[in-house]
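>>> attaching a predicted model along with its sequence, questions to come.
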Amino acid sequence: VLVLDRFIREVTGGPVVLVGNSMGGMISVLEAHRSPAKVSGLVLLDAALAGPRGRPAPRVAAAFALYAL
């Protein structure tokens with residue numbers, strides 16, 4: 001996030017629209033949270049965001065167990 005923040009400050013000089021895929025989506029969200037004045041918008045494509053906490057549904061857990069084999 002520090003590298004992105006510095007890039008926005010030194011290269012663009014103004015608010016930006018960040019586009020992030022997977023981990024880039026999470027980094028974009030973190031940057032928007034950290035420096036909202038620097039981010040005017042977000043486009044997230046399959047962002048790697050934390051989901052709800054708790055146990056997965058039994059069918060989902062079983063499917064993942066089969067995939068692991």
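Everything's here; your move. In this text, all values refer to a predicted model and were calculated from it rather than measured experimentally.

>>> contacts, neighbours, all on C-alpha from now
OK.

>>> do a quick rundown of the helices in the chain.
With DSSP state H, the ranges of helices along the chain come out as 2-7, 23-34, 58-68.

>>> buried deepest among those, which one?
Each of the helices of the chain was assessed for mean neighbour count using mean count of other Cα atoms under 10 Å. The highest is helix 23-34, with a mean of 18.

>>> which other helices and strands contact that helix?
Helix 23-34 sits against strand 16-21, strand 39-45, with contacts defined as 3 or more Cα pairs under 8 Å, 6 or more residues apart in numbering; DSSP states H and E.

>>> need those in CSV (columns: mean neighbour count, mean pLDDT and distance to His33).
Rendered in CSV, the data for the helices and strands packed on helix 23-34 read as follows (neighbours: other Cα atoms under 10 Å; pLDDT from 0 to 100; distance: least, Cα to Cα, whole Å):
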stretch, mean neighbour count, mean pLDDT, distance to His33
strand 16-21, 16, 96, 12
strand 39-45, 15, 95, 9
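
>>> okay, those strands in CSV with distance to Val60 next?
Rendered in CSV, the data for the helices and strands packed on helix 23-34 read as follows (distance: least, Cα to Cα, whole Å):
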stretch, distance to Val60
strand 16-21, 24
strand 39-45, 23
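
>>> so where's this structure uncertain?
Using pLDDT under 70 as the threshold, the predicted model of the chain has low-confidence ranges 51-53.

>>> and Val29, which of the helices and strands packed on helix 23-34 is closest to it?
Taking Cα to Cα as the criterion, strand 39-45 is the member of those that comes nearest to Val29, at 7.6 Å.

>>> what is that closest one packed up against?
Other elements packing on strand 39-45 under the criterion 3+ Cα pairs under 8 Å, 6+ apart are strand 16-21, helix 23-34.

>>> okay, the angle between it and helix 23-34?
Here strand 39-45 points in a direction 160 degrees away from that of helix 23-34 (axes from the mean of the first three to the mean of the last three Cα atoms, to 10 degrees).

>>> report the central residue of the chain.
Nearest to the geometric centre of the chain sits Met26, at 1.5 Å (Cα atoms, centre = their mean).
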